[in-house]
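A.B. asks: Any chance you can model this:
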Amino acid sequence: MGKIKEGKGTTIGNAGEYLVVGELLRRGVIAALAPRNTPGFDILATNGTDSLNVRVKTKTDAADSWVWNAKKDGTIFTGLKSRADFTVLVDLKEENSQPEYYAVPTMTLDGELRAIFQRWLGSLPKRGKSHNPNNHMRRIGTSEYQQQWLSGYKGAWTLILRELEAGSSDGAES
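C.D. replies: Numbering: from 1, shown residues only. Predicted coordinates:
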């Protein structure tokens, strides 16, 4: 039985969020968890002048991908901003291993998840039944192509640091 089915999903998600806060703090970014169920982000990160939103998605070593549920209208991310909005994918490895982090601008991740879904819809079904265009599952991480795409964001904390240095000129409050 997987950890999610064992009821450990919240604990896994919390672990990822705390790990990301720790990594940001280690890099000199002031970071704090948002209150539970805050729409649009999990962590608020600031340099004291400008801020950005950080979303966290965590998976364990047993899972082969990160999974989102799209809304009926196809929206994946609530309150998506073109700047100052990042998603950190956390891959919790086995207990004695360090986690891996992928820091991706959320707008870029949104576009990639949409492209992956469209490729999936156009691919040949495995069991002879057409893929359902109303499927709300969006995932990344399983194919060789997806792993290669993600590799460009592995440990890319500098993307977040540079965005904070540049300032969030898209109207985000500081």
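A.B. asks: can we go C-alpha only for contacts and neighbour counts from here?
C.D. replies: Will do.
A.B. asks: wait, doesn't residue 40 sit right on residue 76?
C.D. replies: No - Residue 40 is beyond contact range of residue 76, at 10.4 Å (criterion: Cα atoms under 8 Å).
A.B. asks: So for those two, which residue has more residues nearby?
C.D. replies: Between residue 40 and residue 76, residue 76 has the larger neighbour count (other Cα atoms under 10 Å), namely 20 against 16.
A.B. asks: any low-confidence regions in the chain?
C.D. replies: Counting by pLDDT under 70, the chain has low-confidence residues at 1-7, 168-174.
A.B. asks: all helices for it, in order.
C.D. replies: Using DSSP state H, the helices of the chain run over 9-26, 106-122, 144-151, 157-166.
A.B. asks: tell me which residues of the shortest one are tucked away?
C.D. replies: In other words, helix 144-151. 146, 150 (16 or more other Cα atoms under 10 Å).
A.B. asks: what's the angle between that helix and helix 106-122?
C.D. replies: Angle, helix 144-151 to helix 106-122, by axes from the mean of the first three to the mean of the last three Cα atoms, to 10 degrees: 180 degrees.
A.B. asks: hmm, who's touching helix 144-151?
C.D. replies: Contacts with helix 144-151, where a contact means Cα atoms under 8 Å, 6 or more residues apart in numbering, come from 102, 140, 141.
A.B. asks: Relative to residue 140, how far out is the first one?
C.D. replies: Okay, so that is residue 102. With distances taken as Cα to Cα, to the nearest Å, residue 102 is found 12 Å from residue 140.
A.B. asks: Can you show me the CA trace of the top strand by length along the chain as CSV?
C.D. replies: Longest strand of the chain, by residue count under DSSP state E: strand 51-60. Extracted C-alpha coordinates of strand 51-60, given in CSV (Å, rounded to 0.1, in the frame of the first residue of the first chain):
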residue,chain,number,x,y,z
SER,A,51,8.1,39.1,-2.4
LEU,A,52,7.1,36.1,-4.4
ASN,A,53,4.8,33.1,-4.0
VAL,A,54,6.1,29.6,-3.8
ARG,A,55,3.9,26.5,-4.4
VAL,A,56,5.2,23.2,-3.2
LYS,A,57,4.4,19.8,-4.7
THR,A,58,5.9,16.7,-3.0
LYS,A,59,6.2,13.1,-4.0
THR,A,60,7.9,10.2,-2.4
